[in-house]
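J.: sequence plus predicted model, see below.
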Amino acid sequence: MPACQGVNRPPQESQEVKHSHSTRRARTAAIALGLLLVGAPVGAQESTGLDLTLAEAARLAFERNLDIRVIAYDRSASAARETAARGRFEPLLFVGLPGASSVNPFPGGAAFGAGSGFGGLGFADIKTPASTALAGADVSTNQSVAGLIDFQQTLPFGLRYDVSYNVGRTETNSIFQSLNPSWDNTLAISVVQPLLNGRGEAAAAAELRLARVNTRASRATFRAQVEEVLLQVERAYWELVFAERDLEVKTSSLELAREQLSRTEAQVEVGVMAPIEATQAEVQVAARETDLIVARNNLANSEDTMRALLRAESLPNGWETALRPSDAPVVEATSLDTPALVRAALERRAEMARGDADLEARGVEVAATDNGLQPRLDLVAQLSTNGVGGDLIVRDGFPGEIVDVVPGGYGDALDQMFSLDFVSWRLGANVTIPIGNSGAEGNHAEAMIGRDRAQADLQRLTQQITLEVRRFARGVEAAAEAVESTRKTRELAEQQLSIEVDRFDVGMSTNFEVLRFQEDLAASRSQELRAMIEYRLALAELGRATGDLLDKYNIRIASTDETEGDSTE
């Protein structure tokens, strides 16, 4: 594409002048063509376009952005850890299976030396030679079956309880056994309550409390990441608007330079100006074509930045999707209440929520380690009721022949157990006193240091947020004033150029002056556009500083116990 349009020279023009201008036009066209080829993308083709408002860009980024997706996994993992910590306080039902261990699994039973005999469900057939006449037979034979159903739970304040039911049936050949086969069953309730070390939620549920706090901290971190991405989207959107409109400014500047070149060549052809004047104009055309190439490249880079934030693979034509921002950088009347903005920021900023959660977590550790300084004193108690039953063997004297068998069985044992005629109870205490407690003392000292540091971090964060809000609020006001100032500068530059062109046409101005005023106009237009973009960017930074971006785009982040998930409204 030629850099300028040729004009017919008068017949009296010398061949030397004609040759000079032809050479100059060819050189200008070659420079322009070369610059355009450098700036044009290889294999460029018409791509699918997407009209994009700022709100739509924010919604798409929230739904598709890879940074948000990655940080969301951390939030889910934190919620899973809380679920795992909660599992420690869920009840446990133990039902014996054949061949199960004979050890009672509940620690309360062990506190009383219990746990011998069958546990779970098991069978036994035992034969032993008699070592004394009291064995009741030459070869002692015992066949038994026993079962256990046990319900256990640890409560968040430290108490552990166990409700167990044991039942067993024994058949023997011993003459000393009055009930044969015999049934024996026991219903027992056992509790262990720590009175010092391990008492209360501060100690017993420290892991769960930490998990809950960490879940809140993770949610605040996720919110902060979402706000950061939304801020990046706003920056990228307005930079895209600037790049698109700056390309228009550079295009307009090039057209003005070409018009001036045409006017200059006309003046040269009639002998009013020297040929060097046309050379000056051609240099300006080439320079502004270079500016146009740079602007076109900036636009492509801005589009790629926005495509990446929106996850380019999900766009209609991937990385080749043309983005057309439809929102204008409107500048509104600005009146800011800075103290109110600071208060709002301290209430809404995700970083403050995360700092509060961190301080609370360190407080949980202090309480737990403080409890760990105490000796262990556990109150243990057990209440049980027993019952036996079976076939009653009646003999004629002792040891005599069996003269009668009174039928009985499991029902008799059950009735006797619930009659509460054979209730037993036990009460005791277990004491553990450490000899030297340096481990617990060191843990407590470290926890205290962590809490003090978290408090200092929160105070520093409060100051930092206050400083950010005040700085960005001033930035918004200054940006609004800059827009007004650059608007006036641009209007004056337009007037100056119009006057200078009129002066040039009547021979009262030079080519140099017109080109200078063209440059001033192009610069003032870019400065005005930049000032408008800076105003929108300053508003975005202020919204991020006050924690207002999620509300601005109606984005809702669900809590971890909600099933609906995050959403935009």
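T.: Received the coordinates, thanks.

J.: all strands for the chain, in order.
T.: Ranges of strands within the chain are 49-52, 92-95, 122-129, 139-154, 160-172, 179-194, 322-325, 376-395, 402-406, 423-432, 555-556, 567-568, based on DSSP state E.

J.: so which of these gets nearest residue 347?
T.: Closest approach to residue 347 among the strands of the chain (C-beta to C-beta): strand 555-556, 17.6 Å. The C-beta positions use only the backbone N, C-alpha and C, and glycine is treated the same way.

J.: what pairs with the closest one, parallel or antiparallel?
T.: Strand pairing for strand 555-556, using DSSP bridges, gives strand 567-568 (antiparallel).

J.: which one is residue 61 nearest to, not counting chain neighbours?
T.: Leaving aside its chain neighbours, residue 61 sits nearest to residue 233 (4.7 Å; criterion: C-beta to C-beta, 6 or more residues apart in numbering).

J.: ditto for residue 544
T.: The shortest distance from residue 544 to any non-neighbouring residue, by C-beta to C-beta, 6+ apart, is to residue 231 (4.5 Å).

J.: distance of the one you found from residue 206?
T.: 37 Å (C-beta to C-beta, to the nearest Å).

J.: repeat that for residue 449.
T.: 18 Å.

J.: then residue 419?
T.: As judged by C-beta to C-beta, residue 419 and residue 206 stand 44 Å apart.

J.: neighbour count for the two, which is higher?
T.: residue 206 (20 against 11; other C-beta atoms under 10 Å).

J.: residue contacts, the more buried one?
T.: Residues in contact with residue 206 (C-beta atoms under 8 Å, 6 or more residues apart in numbering) are 364, 365, 367, 368.

J.: next step: the residues you listed restricted to helices.
T.: Among these, the members found in helices (DSSP state H) are 364, 365, 367, 368.

J.: what is the nearest of these to residue 166?
T.: Closest approach between the ones in helices among the contacts of residue 206 and residue 166, by C-beta to C-beta: residue 368, at 36.3 Å.

J.: ok, so what distance separates the closest residue to the closest one other than its chain neighbours from residue 373?
T.: Residue nearest to residue 368 in three dimensions, not counting chain neighbours: residue 206, with 3.8 Å by C-beta to C-beta, 6+ apart. Per C-beta to C-beta, residue 206 is found 14 Å from residue 373.

J.: now swap in residue 426 and tell me
T.: In this view, residue 426 and residue 373 are 30 Å apart by C-beta to C-beta.

J.: not counting sequence-adjacent ones, nearest residue to residue 525?
T.: What sits nearest to residue 525 in space, not counting adjacent residues and going by C-beta to C-beta, 6+ apart, is residue 249, at 4.7 Å.

J.: ok, that neighbour - contacts?
T.: Here residue 249 is in contact with 295, 522, 525, 526, 529 (criterion: C-beta under 8 Å, 6+ apart).

J.: count of neighbours near the first one?
T.: Summarising burial for residue 295: neighbours were counted as other C-beta under 10 Å, giving 24.

J.: again with the one 3 residues further on
T.: The local packing count at residue 298 equals 18, with neighbours defined by other C-beta under 10 Å.

J.: that one contacts residue 240, correct?
T.: No: assessed by C-beta atoms under 8 Å, residue 298 is found out of contact with residue 240, at 9.8 Å.

J.: poorly predicted segments of this structure, please.
T.: Along the chain, the parts satisfying pLDDT under 70 run over 1-48, 96-124, 127, 130-139, 397-400, 558-569.

J.: the helices in it, which residues?
T.: Using DSSP H, helices in the chain cover 15-39, 54-64, 66-86, 107-111, 201-204, 206-269, 275-309, 338-348, 350-371, 410-418, 438-505, 511-545, 549-552.

J.: helices or strands up against the longest one?
T.: Right, helix 438-505. Other elements packing on helix 438-505 under the criterion 3 or more C-beta pairs under 8 Å, 6 or more residues apart in numbering; DSSP states H and E are helix 206-269, helix 338-348, helix 350-371, helix 511-545.

J.: nearest to residue 141, of the ones you listed?
T.: With C-beta to C-beta as the measure, helix 206-269 is the member of the helices and strands packed on helix 438-505 nearest residue 141 (51.4 Å).
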